[in-house]
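*Asks:* Provide a 3D model corresponding to the input given below.
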Amino acid sequence: MKKLILGTILMMSMSAFAAEVNVKVSGMVCSMCAQGIEKKFKNESSVKNLKVDLDEKLVTIHTHEGKEVSDEVITKLITEAGYNVAEISRK
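*Replies:* From the prediction side, this is the model:
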């Protein structure tokens, strides 16, 4: 049991350093939505670039090498832009 818990913690911490983060966002419908989200992430130092796919309701975040952006920061910025985070996954 301890090995299972340790393995889970290790995998979770490794995923926190992912170079690509995919965020499903509800409420995005137009280019102004995309611009609002892009503007919120513009000053986030760990973000290298960001792509908003309105059709898929997906925000893809690429971080600088060795940098991370936490789920809490992602959720905060997207919420401040006026949208809701449905799911966050990392590659």
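
*Asks:* before we move on, which element is residue 59 in?
*Replies:* Using DSSP states H and E, residue 59 sits within strand 58-63.

*Asks:* Would you mind listing the buried residues in the following helix or strand past that strand?
*Replies:* Where DSSP H and E defines the elements, the next helix or strand beyond strand 58-63 is helix 71-80. Burial within helix 71-80, assessed by neighbour count using 16 or more other CB atoms under 10 Å, is assigned to 74, 77, 78. C-beta: built from backbone N, CA, C; applies to glycine.

*Asks:* Give me the helices and strands touching helix 71-80, please.
*Replies:* On a contact count with 3 or more CB pairs under 8 Å, 6 or more residues apart in numbering; DSSP states H and E, helix 71-80 meets strand 20-26, helix 31-41, strand 84-90.

*Asks:* Including mean neighbour count, mean pLDDT and distance to residue 69, could those go into TSV?
*Replies:* Shown next, in TSV, are the helices and strands packed on helix 71-80 (neighbours: other CB atoms under 10 Å; pLDDT from 0 to 100; distance: least, CB to CB, whole Å):
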stretch	mean neighbour count	mean pLDDT	distance to residue 69
strand 20-26	18	97	7
helix 31-41	16	95	8
strand 84-90	14	96	10
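
*Asks:* mind exporting the strand holding residue 59 as CSV, just the C-alpha atoms?
*Replies:* Written as CSV, here are the backbone C-alpha positions of strand 58-63 (Å, rounded to 0.1, in the frame of the first residue of the first chain):
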residue,chain,number,x,y,z
LEU,A,58,-9.5,24.0,-25.2
VAL,A,59,-6.7,26.2,-23.9
THR,A,60,-3.2,24.7,-24.5
ILE,A,61,-0.4,26.2,-22.4
HIS,A,62,3.3,25.6,-23.1
THR,A,63,5.6,26.5,-20.3
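
*Asks:* what angle do that strand and strand 84-90 make?
*Replies:* Angle between the axes of strand 58-63 and strand 84-90 is 50 degrees (criterion: axes from the mean of the first three to the mean of the last three CA atoms, to 10 degrees).

*Asks:* Which phi and psi values does the residue lying closest to residue 54 once chain neighbours are set aside adopt?
*Replies:* In space, and not counting its chain neighbours, residue 54 is closest to residue 28: 5.7 Å by CB to CB, 6 or more residues apart in numbering. Dihedral pair for residue 28: phi -80, psi 130, per degrees, to the nearest 10.
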